[in-house]
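Participant: Sequence and predicted structure are below.
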Amino acid sequence: MSSATAHEAHHEEHPSGIMRWITTTNHKDIGTLYLWFAFIMLFIGGAMALVIRAELFQPGLQFVDPQFFNSMTTMHALIMIFGAVMPAFTGLANWLIPMMIGAPDMALPRMNNWSFWILPFAFAILLSTLFMEGGAPAGGWTLYPPLTLQTGHALPFMILSIHMMGLSSIMGAINIVATILNMRAPGMTLMKMPLFVWTWLITGYLLIAVMPVLAGAVTMLLTDKFFGTSFFNAAGGGDPVMFQHIFWFFGHPEVYILILPSFGVISSIVPTFARKPLFGYSSMVYATASIAFLSFIVWAHHMFTVGMPLSGELFFMFATMLIAVPTGVKVFNWVATMWKGALTFETPMLFALGFIIMFTIGGFSGLMLAIAPADFQYHDSYFVVAHFHYVLVPGSVFAIIAAVYYWLPKWTGHMYNERLGKIHFWLSTIFVNLTFFPMHFVGLAGMPRRIPDYALQFADYNALSSIGAFGFGFSQLLFLYIVLQTVRGGAKAGDRVWEGADGLEWTLPSPPPYHSFTTPPAVR
Amino acid sequence: MPVAVTYGPDGDRGEPQVQIVVRPNQSLSWNGNKLFFWGITAVSALVVGPLTYMGFWPVLPFAGLELAVLGWALYHCARRGQWREVIVVDGDRVEVTAGRAEPARQWSAHRLWTQVVLEPPRFRGHPARLLLRSAGRSVELGAFLTDEERVQLAGLLREVLPTPRAAS
């Protein structure tokens, strides 16, 4: 016989102050940490974008030398991808998935804490390379050898930080997958899960499948540079083009890792403000899975110009075009959900609509890039920059902003300022288009990417892009103000914040209790 | 509610033996977890195998390490889902046995001297605690249950442990 009151005693631990945030294993605390970290990184990466746009405001070299300019493009991409968008979605997953599936917390809370706290150190190491001899990495986020091997002292630090980011992503993904599979409330079958949970399950699967490929690739760069191997060194019998294959085998699924959770967010918001159930739930799930599958077999469309056999180019061209089918299913379903709905246009819905329209523009320019013979013209031009920024900024970033406006009243218990939210939307939408739409034209006219100077004929459109970029950047300060204002107070939000909202998270109080589900969820 | 109640044959005093089994919620079976794990391992093998064959072997240890962590995570979740708390009320005795394949802890007391205590949470939003207490000793039950399930279990225990000292 033994007395055993200590079982699960961690429920009683509740440190306060800074130790709460350092030691927390609570999914809401960790979600909050991820979201604030992503917000900070958005501003750091955004400041780098403004350095780039300031330099490109007019032809000639104005503010920075070409080496530093290239460092800015490289660091901007690494920070925005691994520091802003991915942690923001992991933060949303941490906050929302346990509430959406009726679980008290994540499956592996301690690992959850660790996977977040790796990130600040990873990015401190990456940002420290700005002050190193030889400067920060400047070979582009794609890290192509031999160019990237010319990086100075920063190379091993960058690779270490990428390993740490990958470790964090992997642990986050494993935790999310284990939670979704094992901790759903009774009755919450897979095909009853909210789309956001489905998209994250598939995103987690993608992360688990491709992250080791990135880890292996950067490790081979490291050994080529410091240990005399020749994986990618042509002089030693290696193949530099193979790095591109390996990198993009990771890189293309990574693109979907950045966008699939956005689809989940939009699939939550549109039905709420259309006051109708999501049209074609099952087809949305299958379309997400199809996109994930196709993401594994299209990588070489990023490298049509390396000199592939014609059969290879044809395969990758048609496989890439095939992605338009499940993506089109999604866009159709969102539009069909709105069709004859009782639509209202609160800020989350405005950002969701902005997402649908502008992501589709990015999708169409992606189709243009998929056409191999056309890609020979567009490759490495500003048209590509316009394409992926349309997918990632009014795509992923707008979805994250929409999600924050949608769930912020639930998280804080306060309503945000709707008028300011709408002003934020219109400023963001106008400036994001002013920034990136002209890039299509300069790209088609032949302006190459990753250069600090350009020919005179591109001047007007570049000036417009730079004005748009500064406008978009400073508009996000309004977003920061709105979030801080909402966290500090405001009108009380009800449990079901939005009239048309459906899902287990809306059955919880606003803000929800420290441990979710003090009452068992009823899954219909 | 993840609680099963069975009534056994009458005991010495003509009252039926009551057995309550409490288990955590587990939405995927061990076989389901294994299927997921081997599925993703197959996909990883399709990726890593050709790369290793072509000489780019540094991908292999990272994939192996990652799959090992995934396997551990799924095993850990499934193992946690196998925890059982069995409460047997037989005549004058109350016995609590908890564990997985074999008892990890046991507790027993006299039925008439056993209290069912539902402690409110010390911090707002934290879960309540359900305890069986007797002669200064106590055992926590259903720490993995939701609060509503814990209240239901407390009610069930009070039905089968009708002691005059039962506290709320």
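Facilitator: In hand now; what should we look at?

Participant: of all of the stretch 151-300 of chain A, which residue lies closest to chain B?
Facilitator: A:G216 (3.1 Å; Cβ to the nearest Cβ). The C-beta positions use only the backbone N, C-alpha and C, and glycine is treated the same way.

Participant: On the pLDDT front, check residue 81 for me.
Facilitator: Since you didn't name a chain, this refers to chain A. As predicted, A:I81 sits at a pLDDT of 97.

Participant: Oops, wrong one, chain B.
Facilitator: At B:G81, the pLDDT value in this model is 88.

Participant: Let me see the contact set for the closest residue to it other than its chain neighbours.
Facilitator: Distances taken as Cβ to Cβ, 6 or more residues apart in numbering or on different chains put B:Q26 closest to B:G81, at 3.2 Å, once the chain neighbours are dropped. Listed by Cβ atoms under 8 Å, 6 or more residues apart in numbering or on different chains, the contact set of B:Q26 reads A:N182, B:C77, B:A78, B:G81, B:Q82.

Participant: go with 10 Å
Facilitator: A:181-184, A:186, B:2, B:32-33, B:77-78, B:80-83, B:144 (Cβ atoms under 10 Å, 6 or more residues apart in numbering or on different chains).

Participant: per-domain residue ranges of chain B.
Facilitator: B:3-23+B:88-160, B:30-80 (automatic domain parsing).

Participant: now those domains in JSON lines, with mean neighbour count and distance to A:T229?
Facilitator: Compiled in JSON lines, the domains of chain B are given as follows (neighbours: other Cβ atoms under 10 Å in any protein chain shown; distance: least, Cβ to Cβ, whole Å):
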{"stretch": "domain B:3-23+B:88-160", "mean neighbour count": "17", "distance to A:T229": "47"}
{"stretch": "domain B:30-80", "mean neighbour count": "17", "distance to A:T229": "9"}
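
Participant: And those: which comes nearest A:A386?
Facilitator: Relative to A:A386, the nearest member of the domains of chain B by Cβ to Cβ is domain B:30-80, separated by 31.1 Å.

Participant: And the closest one, end to end?
Facilitator: 11 Å (Cα to Cα, to the nearest Å).

Participant: go on, stretch B:104-120?
Facilitator: 26 Å.

Participant: and it, anywhere near chain A?
Facilitator: Yes. Stretch B:104-120 comes into contact with chain A (Cβ under 10 Å from any Cβ of the partner chain), by way of B:A104, B:R105, B:Q106, B:W107, B:S108, B:A109, B:E119.

Participant: bridging residues for the last one?
Facilitator: Beta-bridge pairing of B:E119, defined through DSSP bridges, involves B:R129.

Participant: Assign the residue nearest to B:G81 to helix, strand or coil.
Facilitator: coil (DSSP: H, G, I helix; E, B strand; the rest coil).

Participant: Could I get the full set of strands for chain B?
Facilitator: B:3-10, B:16-22, B:84-90, B:93-99, B:103-110, B:115-119, B:129-134, B:137-141 (DSSP state E).

Participant: As a markdown table, those with mean pLDDT would be great.
Facilitator: Listed next are these as a markdown table, based on pLDDT from 0 to 100:
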| stretch | mean pLDDT |
| --- | --- |
| strand B:3-10 | 72 |
| strand B:16-22 | 86 |
| strand B:84-90 | 91 |
| strand B:93-99 | 92 |
| strand B:103-110 | 90 |
| strand B:115-119 | 91 |
| strand B:129-134 | 92 |
| strand B:137-141 | 91 |
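
Participant: Now render the ones you listed as a markdown table, adding distance to A:A455.
Facilitator: What follows is the strands of chain B, written out as a markdown table (distance: least, Cβ to Cβ, whole Å):
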| stretch | distance to A:A455 |
| --- | --- |
| strand B:3-10 | 75 |
| strand B:16-22 | 74 |
| strand B:84-90 | 74 |
| strand B:93-99 | 76 |
| strand B:103-110 | 75 |
| strand B:115-119 | 75 |
| strand B:129-134 | 73 |
| strand B:137-141 | 74 |
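
Participant: Low-confidence regions, chain A specifically.
Facilitator: A:1-14, A:515-524 (pLDDT under 70).

Participant: 90 instead, please
Facilitator: Residue ranges of chain A with pLDDT under 90: A:1-20, A:102-105, A:185-187, A:490, A:503-504, A:507-524.

Participant: Any figure for the gap between the one residue sitting closest to the centre of chain A and chain B?
Facilitator: Closest to where the C-alpha atoms of chain A average out (Cα atoms, centre = their mean) is A:V85, at 3.1 Å. Note on A:V85: its distance to chain B, by Cβ to the nearest Cβ, to the nearest Å, is 21 Å.

Participant: That residue touches A:T203, doesn't it?
Facilitator: No. If you go by Cβ atoms under 10 Å, A:V85 and A:T203 don't touch, sitting 11.7 Å apart.

Participant: which neighbours do those two share?
Facilitator: In contact with both A:V85 and A:T203: A:I257, A:L258, A:I259, A:P261, using Cβ under 10 Å, 6+ apart.

Participant: got a winner among these for most neighbours?
Facilitator: When the shared contacts of A:V85 and A:T203 are compared by neighbour count (other Cβ atoms under 10 Å in any protein chain shown), A:P261 ends up highest, at 29 neighbours.

Participant: List the buried residues for stretch A:496-515?
Facilitator: By 16 or more other Cβ atoms under 10 Å in any protein chain shown, the buried positions in stretch A:496-515 come out as A:496-498, A:500-508, A:510, A:512-515.

Participant: again, but for stretch A:265-285
Facilitator: Neighbour-count burial for stretch A:265-285, counted by 16+ other Cβ under 10 Å, picks out A:265-276, A:278-281, A:284-285.

Participant: In contact with A:L92: list those residues for me.
Facilitator: A:L92 touches A:31, A:34-35, A:38, A:196, A:200, A:261-262, A:264-265, A:399-400, A:403-404, A:407, counting by Cβ under 10 Å, 6+ apart.

Participant: so what's the backbone phi/psi at the closest residue to chain B within the stretch 351-500 of chain A?
Facilitator: Residue of the stretch 351-500 of chain A nearest chain B, by Cβ to the nearest Cβ: A:G413 (12.1 Å). Per-residue torsions, A:G413: phi 80, psi 0 (degrees, to the nearest 10).

Participant: Surely it and A:P511 touch.
Facilitator: Yes. Look at A:G413 against A:P511 with Cβ under 10 Å: they come within range, at 4.2 Å.

Participant: Find residues that contact each of the two.
Facilitator: A:A493.

Participant: quick one on the thing from earlier: let me know how buried the residue of the stretch 351-500 of chain A closest to chain B is, in neighbour terms.
Facilitator: 21.

Participant: Do a quick rundown of the helices in the stretch 251-400 of chain A.
Facilitator: A:281-295, A:310-322, A:324-338, A:347-370, A:372-378, A:382-391, A:398-412 (DSSP state H, counting those that start in this stretch).

Participant: A:K225 is nearest to which of the ones you listed?
Facilitator: helix A:382-391 (27.7 Å).

Participant: Quick one: list the elements packing against that closest one.
Facilitator: When contacts are defined as 3 or more Cβ pairs under 10 Å, 6 or more residues apart in numbering or on different chains; DSSP states H and E, helix A:382-391 packs onto helix A:240-274, helix A:347-370, helix A:372-378, helix A:418-444, helix A:459-488.

Participant: Work out the gap between that helix and the centre of the chain.
Facilitator: 15 Å (Cα atoms, centre = their mean, to the nearest Å).
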